[in-house]
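Student: take a look and give me a structure for this.
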Amino acid sequence: MKRLTAAAVLAAGALTLAGCGGSGGSGSGGAELSVGSAYIPQPVSDMAAGFLTITNEGDAADRLTSVSSDVAGQVTVHETVDGSMREVESLDIPAHGSLVLESGGNHLMFEQLKRRPEEGQKVSVELRFADSDPVTVEIPVKSATYVPKTGH
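Tutor: A predicted model of the protein is given here:
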């Protein structure tokens, strides 16, 4: 009987530990984020825009809270409502949904460019979230007139 009780205690402990998960989407029930369809049109001034899609396959929502890049003094997050854009503190990423940053809609603004990235280069960007671990993305620079065929 003591062996059965010890086995039950060990099994219960293992189940308890299995339910523990850190932030960053690695635990069950959290956000599971991935990034796709990313691009930056080659800038024609000291500012650039960035577009991408953050997909959340997880059971919990999250928020994009900040962005940084070594190519810019500052990267800000903008939302567009009724054709008017404004800087925001964060944008929601729904559970089992996506946050789409696209031309004419929500987007990133790379301000105070330290250098003007050129078509064919990649720009390293770190995306930070309210609950998930940061994600670093290498965003390709496309022509200034680039229009994606899919993804946006």
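Student: can you find the helix or strand of the chain with the lowest average pLDDT?
Tutor: helix 2-18 (a mean of 36; mean pLDDT, DSSP states H and E).
Student: and after it, which helix or strand comes next?
Tutor: Once the chain leaves helix 2-18, the next helix or strand it forms, by DSSP states H and E, is strand 33-41.
Student: packing partners for that next one?
Tutor: strand 48-56, strand 122-129, strand 135-142 (3 or more CB pairs under 8 Å, 6 or more residues apart in numbering; DSSP states H and E). (C-beta placed from N, C-alpha, C; glycine too.)
Student: who touches Gly31 in this structure?
Tutor: Not Gly; residue 31 is Ala. Going by CB atoms under 8 Å, 6 or more residues apart in numbering, Ala31 touches Gly25, Asn56, Gly58, Ala60, Ala61, Asp62, Ile93, Ala95, Phe129, Asp131, Ser132.
Student: hmm, Gln112 is touching Ala48, no?
Tutor: No. Using CB atoms under 8 Å, Gln112 is not in contact with Ala48, being 10.6 Å away.
Student: neighbour count winner among those two?
Tutor: Taking other CB atoms under 10 Å, Gln112 and Ala48 do not tie; Ala48 has more neighbours (24 against 11).
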